[in-house]
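J.: model the following, please.
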Amino acid sequence: MKLIKFLLLAVLITSLLGCVSSTETKNIVADPEEAFTRHIKLARQYIGSKNRDLARLHLEKAAAFSSKTRRSKLHSGYGLLYQMEQETELAEKHFRQAIASDKKDSMARYNFAAFLYNQGRFKEALQQMQIVSEDLGYERRPQAFYIVGLAQSKTGQQAEALGSFEKATQLQPKFAEPYVEAAEIYFAQQKLPMAKRALDQYGFLAQPTAKSLWLAVRIEHSFGNRDGAASQGLKLKNLFPYSNENLEYQKWLKQ
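T.: A predicted model of the protein is given here:
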């Protein structure tokens, strides 16, 4: 869940231009479209920094420049704001209004799909994110395929999930997270060499996490490499002592 929130936050941050200053808010130009876009960007940035008051202020200002063609982005912004405030009904209402306003707005649909995933509504999230993944021009298409894979895995579609994770890494070879998810599935299928290769690839691209280290312990143990399992377990204990994965590891040691 935390990862999906991180990906959603990345959508907000990467869509912005620089930091906000008091002078920036004074330089909103009079052109309606440009003014609307600028206020929406500022609102998203404040949502990313969890500043609810300023986010709401700029959404209200954006509303003054709204039009039929801009309504999707405004509703999406309100959806993100209400999601941050844990007003789930209002958030969903605005996300749905955003999509109804512009069915081709992939960012709005991505945000809605991530919202549904975080609510544990995996089938609905999958349906929405699959539509996003079909948008060949959407800049976060690799992340869309990754979330498609997560949702497929949650709904028991392991083979399809592996295909989605592979697609994500084809589109963005340095995207690390799909590899560890694929390794988890391969391990569950007892395809140990494939699990090991996928996890090693993850290790080349990213720092270890509690999840990756706990998986590494089990893979090394399955290969009969006790020293390797102990080494990975020690890293897990030292780096993530209060993680659920370390608790699982400590229970596993006592078996």
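
J.: where does the stretch 1-150 of the chain have low pLDDT?
T.: 1-30, 68-69 (pLDDT under 70).

J.: can you pull out the strands in it?
T.: In the stretch 1-150 of the chain, no segments count as strands under DSSP state E, counting those that start in this stretch.

J.: what segments of it are helices?
T.: Under the criterion DSSP state H, counting those that start in this stretch, helices of the stretch 1-150 of the chain are mapped to 2-14, 22-26, 32-48, 52-63, 71-84, 88-101, 106-118, 122-133, 141-154.

J.: what about residue 175, which helix or strand?
T.: Residue 175 belongs to no helix or strand when assigned by DSSP states H and E.

J.: neighbours of it, how many?
T.: Neighbour count for residue 175, taken as other CB atoms under 10 Å: 18. All C-beta atoms are positioned from the backbone trio N, CA, C, and that covers glycine.

J.: that one reaches residue 142, doesn't it?
T.: Yes - the pair residue 175 / residue 142 is scored as a contact, 5.3 Å apart, by CB atoms under 8 Å.

J.: now do the shared contacts for these two.
T.: Among the neighbours of residue 175, those also in contact with residue 142 (CB atoms under 8 Å, 6 or more residues apart in numbering) are 168-169.

J.: picking up where we left off before, tell me which of the helices of the stretch 1-150 of the chain sits nearest to residue 246.
T.: helix 2-14 (16.2 Å; CB to CB).

J.: now residue 205. Nearest residue, chain neighbours left out?
T.: What sits nearest to residue 205 in space, not counting adjacent residues and going by CB to CB, 6 or more residues apart in numbering, is residue 176, at 3.8 Å.

J.: can you give me the helices for the stretch 151-255 of the chain?
T.: For the stretch 151-255 of the chain, applying DSSP H, counting those that start in this stretch gives helices covering 158-171, 177-188, 192-205, 210-222, 226-239, 244-254.
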